[in-house]
Each structure stands twice: as C-alpha cells, then as structure tokens.
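In: Any chance you could fold what I've pasted below:
(one chain, ligands or ions: 2)
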Amino acid sequence: MKHNELQKWGWDEWFEQDITCGPSDSIARVAAVDREQFLLVDQTGIFRGRVAGSYRYRHHLAHELPCVGDWVYVEKSPGEEFGVVYSILPRKTSLRRKMAGNAIEYQMIAANVDVVFIVVSCHFDFNVNRQERYLVMVQDGGAEPCLLLTKSDLVEPAVLAEQKAAIRSAGITSPIVSLSNVTEEGLEELQTLLSPGRTYCFVGSSGVGKSTLVNRLIGHRKLDTGSVSGTGEGRHTTVRRELLRLAEGALVIDNPGMREFGIIGAENGIAQSYSDITALSSRCRYRDCRHTGEPCCAVVEAVAAGELSQEHLDNYLKLSEESSFHQMSRAEKRKKDRDFGKHVKSVKKNLRR
Ligand SMILES: Nc1nc2c(ncn2[C@@H]2O[C@H](COP(=O)(O)OP(=O)(O)OP(=O)(O)O)[C@@H](O)[C@H]2O)c(=O)[nH]1
Ligand SMILES: [Zn+2]
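Out: Ligands and ions are numbered 1, 2, ... in the order given. Next up is the predicted model:
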C-alpha cells in the first residue's frame, strides 16, 4: 500500500485502488467543514483548507463538495496557511439525506464511515419501524449498521430481552449491543467492536445518549478538543473538529447531522433489510409484482400462510414507495461515479500548469 502514513486516519486498500494521482500529490482527510473552510488532517498534522475555485465552478450539487470523512487531493505550498482542495477521492460509503424537493441532490452527513451505530433508547425511544428506517439508510450508503440499545439501566432484563426478540422477528440481522452509560454494562462489548483505523459514527434521535457515549469513548475530553482557530478570508473563526481519533486508534465522526439523519430513497438498503421479501418475490407471477394485491403473489401468500409478518411487509411497502420516487437520482449517481476517474484527470490537467 502506497499511503501507509495515512492509515491512522482511516486510509486503506480500497482508496488505494482508485488513486489517479502521481507520487507528488498530497492526500488529506476532511476533519470538519465550516461553510467555505475545512479542517484537514494528514501525516503532518492538522491544517486548514478551502476548495479550489475551479472545483466549485464545476460542481454545483451539495454532495459534490467535500464533507467530513472525505479523502481529498490537496495542494499546500510551503509557508501557506491554507491548503487548496482540488478534488475528492471516490467515496467508499456515504451517510446522506435527500434534499427536500430535489431529485438529484443529497445532503452529505459524512463520508467513508465503516460502521454506523444506530442508537436507540430501550426506555422511551424503542420502535422497530424507526430502526428499520435507519438500517435502510445506512445500508443504502454502503456502511455496516450495528444497533445500540442505550439506557439498559432503566428497563428490566426481561423487557430488554423482549425488545431484542422483536428486532430479530422483524428480520433485522445486524449486531445488537445493549448498554448503559450509568451502570457501564455493555460498554466493554462496544469497545471490542472498535478497531484501529476504522471509522465509526453514532446516529439516533435526540436524547438517546449519543453525546454521553461519545464523550465517554473519547475519555471525557471536551468535544471541541483539536479545533483550530485562525484568520481566514478576513473572518476570525473557530472550526470544531468532527473527526476524532480515540486512544486505541479507532476514528469517530461526530457532528450535528447525526441527529437529523432522516429517511431517504434507498433501494439497495431495502433489498438487504428485506432479503426475505426479495427472495419470495422471485416466485411471484409478475416480475414487476409490487405485492399489493396482484394475482399469484408469493409474498402475500407467505403472509396468509403465517410465514411472513404483515407488519414487516407493510414497512417494506412504505419504504419502497418512498424510495422509488428517488430512483432517477440513483441512476444519475451511478453514471457520475463511472465518469469520476476520467473527470479527476481532466480537472487536474486544467488546474496545473
Ligand atoms: N439512565 C440513563 N440515562 C442516560 C444514559 N445515557 C445518557 N443518559 C441521559 O440521557 C440524557 C440525554 O443524553 P445525551 O447524551 O445528551 O443524548 P443525545 O443522544 O446526545 O441527545 P442530543 O444531544 O439531543 O442528540 C442525558 O440527561 C443523559 O445523562 C444511560 O445509559 N442511562
Ligand atoms: Zn408479489
């Protein structure tokens, strides 16, 4: 692997295979974004950056701009305060939301997250439908989901066991860890899931205990540790760093977007969370059967025979309705990904004299 020195910030073979730059190009990871300004990290440390004007000129969609977790090509002249970002490396995974009323644009919440912890409280927040929605979004972006049931100190063990059973009977197969920030039960188990050089984040509704958990993982350091102050473009700003490195080497992305992570179109994710239904549909009479009353529908028959829960099917139908709405944008995106390599080359040729 060529960029070993970046491994501590999450670099791996996957990024290596897409590399289109020469040995003199420098690569950094985005640690935070604040409007026009970026915090970047590489083997030399943390520094500020901004996107090259020519890149902005060519990229108008929100998700085409770098977000926290992205790997970027950057040029930094000696003695310069700012690095100039002139392109983004392909994303391994995306955590993103549809923009309201916009078919082709996404709001990126984070890029290149390996594992997303879906945090739900087993006390007030427990709701399997909502968990399924989160799962679909996470899997659609390519990351691995893991469910965290927090505040286990507030319910009886029997209730907790029932909740876990409810998750499994909804067909959810992701790992589940229950934990309490009060009794510390389950925290060790969570620690064992965190590997050095892998990137993690925590999503979930307000009040489920995400901040408490993240603060604990980073060892009670204040969350703004590592921010860099300085004067840029005539403004004096402090940017809070969102990509953090734990003592054991695991990387955690923590930003306000994790709280707003709602539902978006997600065909791939649906296929994974509802693999039982997708498997059955191959036996429906019509290839494009929507399982809403068509004749000889294997899915509806399975529900009638008690082999599939009606609730699970209802959730599936609700989600696929929402996401078929966004199909066009996914096709668009796939094409974009294919063109990306060619594109990087041409952009760079134009940029460098
Ligand atoms: N009983 C109990 N309370 C907890 C636990 N974890 C967190 N809390 C409490 O729950 C409340 C919300 O916790 P936060 O960590 O702020 O939750 P959050 O998910 O970050 O919420 P937002 O910042 O609004 O997104 C706080 O009063 C915490 O002290 C737990 O394991 N058990
Ligand atoms: Zn069918």
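
In: Show me the domain layout of this structure.
Out: Domain segmentation of the chain under automatic domain parsing yields 4-93, 113-260, 267-324.

In: for those domains, which one sits closest to ligand 2?
Out: domain 267-324 (3.2 Å; Cβ to the ion). Quick note: C-beta positions are derived from backbone N, CA and C, even for glycine.

In: now residue 69, nearest residue through space, not along the chain?
Out: In space, and not counting its chain neighbours, residue 69 is closest to residue 111: 4.0 Å by Cβ to Cβ, 6 or more residues apart in numbering.

In: picking that back up, in a markdown table, list the domains of the chain along with mean neighbour count and distance to ligand 2.
Out: Formatted as a markdown table, those follow (neighbours: other Cβ atoms under 10 Å; distance: least, Cβ to the ion, whole Å):
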| stretch | mean neighbour count | distance to ligand 2 |
| --- | --- | --- |
| domain 4-93 | 18 | 31 |
| domain 113-260 | 18 | 17 |
| domain 267-324 | 16 | 3 |
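
In: so can I have JSON lines of those domains showing distance to ligand 1 and mean pLDDT?
Out: Shown next, in JSON lines, are the domains of the chain (distance: least, Cβ to the nearest ligand atom, whole Å; pLDDT from 0 to 100):
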{"stretch": "domain 4-93", "distance to ligand 1": "17", "mean pLDDT": "88"}
{"stretch": "domain 113-260", "distance to ligand 1": "3", "mean pLDDT": "84"}
{"stretch": "domain 267-324", "distance to ligand 1": "23", "mean pLDDT": "81"}
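
In: among those domains, which is nearest residue 104?
Out: The closest of those to residue 104 is domain 4-93. By Cβ to Cβ, the value is 6.8 Å.

In: what's the straight distance from one end of the closest one to the other?
Out: Chord length of domain 4-93, first to last residue, is 21 Å (Cα to Cα, to the nearest Å).

In: related to what we said a few turns ago, out of the domains of the chain, which gets nearest to residue 105?
Out: Among these, the nearest to residue 105 by Cβ to Cβ is domain 4-93 (4.9 Å).

In: And what about residue 95, helix, strand or coil?
Out: Secondary structure assignment for residue 95 (DSSP: H, G, I helix; E, B strand; the rest coil): strand.

In: give me every residue that touches it.
Out: Residues in contact with residue 95, defined by Cβ atoms under 8 Å, 6 or more residues apart in numbering, are 108-111, 113, 116, 137-138, 141, 143, 201, 203, 257, 261.
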